[in-house]
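Participant: The sequence and its predicted three-dimensional model are supplied below.
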Amino acid sequence: MNFTTKQVKNHTVVTLEGSLDIYSAPALKKELHKIIDDGAESVAIDMVNIKLLDSSGIALLANLQKKLKSEEGTFFLLNVSQDVMVILKLSSLDKFFTILAGEGELP
């Protein structure tokens, strides 16, 4: 799993590339928690290049949402593909996450 980060307004945008699955989630979790622990108050995960999302990936996203909420931060998903959106809708998580079409919609 590769990722890049950049600042857009007051948000840390993390663009993921590859599969968000059982193999990549543990290492990515450490990196994303470090970003939050280093002071990021708003994190947006750009999923434009995510090809596969499994239950481990979903758990990671839910964990990040929960961590930021507990620290009074905000969490967004950006550029969610139709395939990934189907997974989120089937698990009713499309209502749990704040999903935006892209960076331009960040508040």
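Facilitator: Arrived safely, thanks for sending. From a predicted model like this one, the values you see are computed outputs, not experimental measurements.

Participant: all contacts plus neighbour counts: C-alpha atoms, from now on.
Facilitator: Will do.

Participant: Just list the residues touching Val43, thanks.
Facilitator: 11-14, 36, 74-76 (C-alpha atoms under 8 Å, 6 or more residues apart in numbering).

Participant: In the longest helix along the chain, which residues are buried?
Facilitator: Secondary structure of the chain read by DSSP state H shows that its longest helix is helix 55-70. Residues 56-58, 60-61, 64-65, 67-68 are the ones in helix 55-70 that count as buried (16 or more other C-alpha atoms under 10 Å).

Participant: Closest to Thr4 out of the contacts of Val43?
Facilitator: Comparing those against Thr4 with C-alpha to C-alpha places Val14 closest, at 5.7 Å.

Participant: Show the average pLDDT along the helix or strand where the closest one lies.
Facilitator: Here Val14 is covered by strand 11-20, with elements defined by DSSP states H and E. Mean per-residue pLDDT for strand 11-20: 96.
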